[in-house]
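Colleague: Structure for this input, please:
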Amino acid sequence: VPHACVGGENVLNLFSFSKSYGMMGWRVGCVAMPLGVEEEMLKAQDTIPICPPILSQKAAAGAMEAGRKWVKEKVRGLWRTKKRMRGMLVECLGEEAVLGGSGAIYLMVKLPESMEEDEKAVEWLVKKHQVCVIPGSACGFRGHVRVCYSNLSEERCEEAIKRLRSGLEEMKSLEGGKGA
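Modeller: Model (predicted):
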């Protein structure tokens, strides 16, 4: 695939497909390098004990073949989804309760006081509202949940937004005790 990078006979350009191709979580990247340095590059690469699954590699190759137009459409959809999700969370819990979102594919959200135990809140949201988020304590943010808004179609994300809103509104209405 044609590309343009910083040049030089000893320059290797490393790329991640996470943000440039909207493939967060696929754990795949690539190296662009001049001819003749493959053997030296492979010596360094051989010390890295991971390999992305074949499916991830094929998806990345497909993304490169699809080109920039596909990437731009995907990023636009991701931006719209983020805007909707963040807007709902701010409307429901307030601006100060919603952290992040400028370069990530997730938001950290402070839970209402009625349910500060994030692991219990996550379990409750799954059982009662069929929506899955990550406990903030798994990421160093006790009393929060991590809400990821990528890797879903805009339509499925709309459904997730409705379910999460319903769960958060119910959490806010709980009185007299922590947790459900």
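Colleague: going forward, measure contacts and count neighbours with C-alpha atoms only.
Modeller: OK.
Colleague: any idea how far the residue positioned nearest the centre of the chain lies from Ser114?
Modeller: In the chain, the residue lying closest to the centroid (C-alpha atoms, centre = their mean) is Ile105, at 3.4 Å. According to C-alpha to C-alpha, to the nearest Å, Ile105 stands 27 Å off from Ser114.
Colleague: In this structure, where's the longest helix?
Modeller: helix 68-93 (DSSP state H).
Colleague: moving C-terminal of that one, what's the next helix or strand?
Modeller: Moving toward the C-terminus from helix 68-93, the next helix or strand (DSSP states H and E) is strand 98-99.
Colleague: Checking my notes, Ser150 in a helix, right?
Modeller: No. Under DSSP: H, G, I helix; E, B strand; the rest coil, Ser150 falls outside any helix and is assigned coil.
Colleague: Grab the nearest non-local neighbour of it.
Modeller: Spatially, and ignoring its direct neighbours in sequence, Ser150 is nearest to Ile105 (5.9 Å; C-alpha to C-alpha, 6 or more residues apart in numbering).
Colleague: so what's the one you found up against?
Modeller: 24, 82, 148-150 (C-alpha atoms under 8 Å, 6 or more residues apart in numbering).
Colleague: Which of those residues sits closest to Glu38?
Modeller: Met24 (26.9 Å; C-alpha to C-alpha).
Colleague: Distance check, the nearest residue to Ala32 once chain neighbours are set aside against Ile48.
Modeller: Distance criterion C-alpha to C-alpha, 6+ apart; nearest residue to Ala32, sequence neighbours excluded, is Asn13 at 5.1 Å. Distance of Asn13 to Ile48, given as C-alpha to C-alpha: 17 Å.
Colleague: With Met108 instead?
Modeller: With distances taken as C-alpha to C-alpha, Met108 is found 31 Å from Ile48.
Colleague: Just the pLDDT for the residue nearest to the centre of the chain.
Modeller: Ile105 carries a pLDDT value of 84.
Colleague: Val1 too?
Modeller: 53.
Colleague: now do Ala4
Modeller: Looking at Ala4, the pLDDT reads 62.
Colleague: wait, doesn't Leu111 sit right on His144?
Modeller: Yes. If you go by C-alpha atoms under 8 Å, Leu111 and His144 touch, sitting 5.2 Å apart.
Colleague: For these two, list the residues in contact with both.
Modeller: Asp118.
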